[in-house]
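**Student:** sequence unknown, structure follows:
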């Protein structure tokens, strides 16, 4: 059941759909003014960085995860200081914008949102980031905390949706049919109202394959995790957990490459490029390499916003409360119960069962990132 649009960003989202709408409203990417979007994103990144520092500084001071906070702040730096912003919050919001189908502040039908039909859960004329910035420090922290919760639900929801739509739901209709309704049911559990989605014209309903393609376009890391060819990740994913294992693996590999570029410890690759140039009658100079390094870093820092933000969110929530999963909103627990049951709870899915199912599969997801925090 769809609610009236909320008039404040301090109202917490209650579903994956509302979480996506919150992020797009908070960053301004549901608008047609990119200058406003950049300012909103910078301000949100500052508040998230401040919140992470406040929660994790005790651990850092005690010697536990001493590099954790600096890593997160380094990731967010490109959202806070680069012009235009290009860090994980920016790339996350841009990916969500494309997935829903916003172009210049309007739903065009290029995403899953129905043109002239999709309605955001947050009123773009009333729920503004300026409101948050004029409030107290406590309220700013509250907004940043809402963002962190939204990240968790969005990453879980979209990664699972992509995995299923690239596999057994690929031929299913978004609108459902007499043979299979798993995709339709899951979209509804995520908080979507089917008549407000771009499900097709009734003659040729849009399929799970289309949903997967839109997610692949919005977040390339999902497709990379599905088709890993790296020697360290030779096994093609057969389950959702293996798919998430690959998502972590490719991000770790990418982080090592970035570190090598930034540290200058890249002599082997540099010499290989020089030799390649010589073999093709081209002199690859130090200046050429320096330019290439800058361009490469510019592209790499944009990679893996889902992974980076989920790492931040998980670390923050775990530091705040080791039992945070049990306190997730009831609507969210119910909406995401399909992660471990694949929609098969049915009448047997009593509230306790739903809670257990959600907690089990979420912690299974989070455990993939655990080595990053120990």
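**Tutor:** Looks like it arrived, so ask away. Because the structure is predicted, anything quoted here is derived from the model rather than measured.
**Student:** Could you give me the buried positions within stretch 209-227?
**Tutor:** Buried residues in stretch 209-227, counting neighbours by 16 or more other CB atoms under 10 Å, are found at 210-216, 218-219, 221-222, 224-226. Every C-beta, even on glycine, is put in place using the N, C-alpha and C of the backbone.
**Student:** Which members of the residues you listed are positioned in helices?
**Tutor:** Secondary structure defined by DSSP state H assigns 210-216, 218, 221-222, 224-226 of these to helices.
**Student:** ok, those vs residue 108, which is closest?
**Tutor:** Taking CB to CB as the measure, residue 214 is the one of these closest to residue 108, at 12.5 Å.
**Student:** how far away is that closest one from residue 185?
**Tutor:** When CB to CB, to the nearest Å is applied, the distance between residue 214 and residue 185 equals 19 Å.
**Student:** do the same with residue 108
**Tutor:** For residue 108, the distance to residue 185 under the criterion CB to CB works out to 27 Å.
**Student:** How about residue 227?
**Tutor:** From residue 227 across to residue 185, the span is 27 Å (CB to CB).
**Student:** end to end, how far does stretch 12-21 reach?
**Tutor:** Between the opening and closing residues of stretch 12-21 there is a gap of 11 Å (CA to CA, to the nearest Å).
**Student:** ugh, wrong one, stretch 185-205
**Tutor:** 15 Å.
**Student:** So for that stretch, mean pLDDT?
**Tutor:** When pLDDT is averaged over stretch 185-205, the result is 82.
**Student:** Show me where the protein dips below the pLDDT cut-off.
**Tutor:** With pLDDT under 70 as the threshold, the chain has low-confidence stretches at 1-3, 58-68, 201-204, 228-238, 241, 244-245, 248-303, 318, 322-374.
**Student:** so where do the strands sit in it?
**Tutor:** 102-103, 106-107 (DSSP state E).
**Student:** For residue 115, list the residues it contacts.
**Tutor:** Counting by CB atoms under 8 Å, 6 or more residues apart in numbering, residue 115 touches 101, 107, 108, 109, 198.
**Student:** Redo the residues you listed as CSV? Include distance to residue 35 and neighbour count.
**Tutor:** Written out in CSV, the entries for these read as follows (distance: CB to CB, whole Å; neighbours: other CB atoms under 10 Å):
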residue, distance to residue 35, neighbour count
101, 22, 20
107, 21, 22
108, 21, 13
109, 26, 15
198, 29, 23
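**Student:** List the contacts of the residue nearest to residue 123 when sequence neighbours are not counted.
**Tutor:** The shortest distance from residue 123 to any non-neighbouring residue, by CB to CB, 6 or more residues apart in numbering, is to residue 5 (4.1 Å). Contact analysis of residue 5 by CB under 8 Å, 6+ apart lists 119, 120, 121, 122, 123, 126, 127.
**Student:** Report the separation between residue 5 and residue 18.
**Tutor:** For residue 5 relative to residue 18 (CB to CB), the value is 10 Å.
**Student:** shared neighbours, these two?
**Tutor:** 121, 122.
**Student:** Go through the buried residues of stretch 209-227 and name the one nearest residue 46.
**Tutor:** The shortest distance between residue 46 and any of the buried residues of stretch 209-227, using CB to CB, involves residue 219 and amounts to 24.1 Å.
**Student:** ok, that closest one touching residue 305?
**Tutor:** Yes: distance between residue 219 and residue 305: 7.3 Å, which falls inside the contact criterion (CB atoms under 8 Å).
**Student:** Can you work out which residues contact both of those two?
**Tutor:** Contact with both residue 219 and residue 305 is made by residues residue 95, according to CB under 8 Å, 6+ apart.
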